[in-house]
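K.L.:
here you go, sequence then predicted model.
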Amino acid sequence: TPGEEAAVMACDRIVAACTGTHQVFGNSVQSGASAGVVVVAGDGCDPIDALRRADLALNDAKRQGRGVSRLFDESMDEGIRFRRRVEAGLG
């Protein structure tokens, strides 16, 4: 959707702005960022669930390679539920 595309583009700009090499107390330091994005409707959204989904998207971004933004999709949630079922079955 246009709102999701705009959110990802904004996060991509923030991630790009955080990436670089800086001098800190005479030392060269590299910085970077990744972002997990979730777009929620304003009516009755559970903030805890929104943060959980954003965290899943962030974890996916980190797995895909640092310095990227990932938009949450339901497959991320299904993947974590599947892993938990497998872990519970092994224990």
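P.N.:
Looks like it came in fine.

K.L.:
so what does the residue of the chain positioned farthest from its centre have for phi and psi?
P.N.:
Relative to the centre of the chain, the most outlying C-alpha is that of residue 26, 31.9 Å out, by CA atoms, centre = their mean. Residue 26 adopts backbone torsions of phi 80, psi 0, taken as degrees, to the nearest 10.

K.L.:
from residue 47, how far off is residue 13?
P.N.:
Using CB to CB, to the nearest Å, residue 13 is found at 24 Å from residue 47. The C-beta positions use only the backbone N, C-alpha and C, and glycine is treated the same way.

K.L.:
comparing the two, which residue is more hemmed in?
P.N.:
Per other CB atoms under 10 Å, whichever of residue 13 and residue 47 has more neighbours is residue 13, with 11 against 8.

K.L.:
quick one: residues contacting residue 64.
P.N.:
residue 70 (CB atoms under 8 Å, 6 or more residues apart in numbering).

K.L.:
now do it, the pLDDT please.
P.N.:
At residue 64, the model reports a pLDDT of 88.

K.L.:
now swap in residue 91 and tell me
P.N.:
For residue 91, pLDDT reads 66.

K.L.:
ranges for the strands of this structure?
P.N.:
20-24, 27-31, 35-37, 69-71 (DSSP state E).

K.L.:
what helices and strands are in contact with the second one?
P.N.:
Secondary-structure packing of strand 27-31 (3 or more CB pairs under 8 Å, 6 or more residues apart in numbering; DSSP states H and E): strand 20-24.

K.L.:
surely residue 68 and residue 61 touch.
P.N.:
Yes: if you go by CB atoms under 8 Å, residue 68 and residue 61 touch, sitting 5.1 Å apart.

K.L.:
joint contacts of these two?
P.N.:
34-35.

K.L.:
out of the two, which sits in the busier spot?
P.N.:
Taking other CB under 10 Å, residue 68 and residue 61 do not tie; residue 61 has more neighbours (22 against 18).

K.L.:
quick one: contacts for the closest residue in space to residue 58 that isn't next to it in sequence?
P.N.:
In space, and not counting its chain neighbours, residue 58 is closest to residue 36: 3.0 Å by CB to CB, 6 or more residues apart in numbering. For residue 36, the contact set (CB under 8 Å, 6+ apart) comprises 53-61, 69-70, 72.
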